[in-house]
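Visitor: Sequence and computational prediction follow.
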Amino acid sequence: MSITAEYIVELFERDARARKRLAALLVSDPEVRLSIINAVLRDVATKQDLEKLREEFHLELERLEERVRRLEERMARVEGQINLLVKLFIAFNVPVLVGIIGILLKLALTR
């Protein structure tokens, strides 16, 4: 049986103590430790990354607020138009209703 990288990895997967010893050995070497730190730092967010994300978030929030403000303005106009429509409906139908009531009263009183 030949020793392959795959076989070595399998051995380390099975032996937690050996993994810890290997990790301790690797981090004790300054060059290896620096390589590991640099590899990990590529995945870590910096203050600049967070500030950029914060600025992007605020810009998106401002855009969203602008959209909400425009929708509120449109809704206010629609409400005004509906109120006008209701007033016009009442204004045109009240005389008709008064006329119908008058006719019904006349018919009821003339019998």
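Guide: Happy to help now that I have it.
Visitor: Could you use CA atoms for every contact and neighbour count after this?
Guide: Noted.
Visitor: okay, and the helix or strand of the chain with the least pLDDT?
Guide: helix 30-41 (a mean of 90; mean pLDDT, DSSP states H and E).
Visitor: same for that helix, what does it pack against?
Guide: helix 16-28 (3 or more CA pairs under 8 Å, 6 or more residues apart in numbering; DSSP states H and E).
Visitor: got the angle for the least confident helix or strand of the chain vs helix 16-28?
Guide: 100 degrees (axes from the mean of the first three to the mean of the last three CA atoms, to 10 degrees).
Visitor: Got phi/psi on Arg74?
Guide: phi -60, psi -40 (degrees, to the nearest 10).
Visitor: Same question for Asp29.
Guide: According to degrees, to the nearest 10, Asp29 has phi -90, psi 120.
Visitor: Can you check what pLDDT the model gives it?
Guide: Per-residue confidence (pLDDT) for Asp29: 92.
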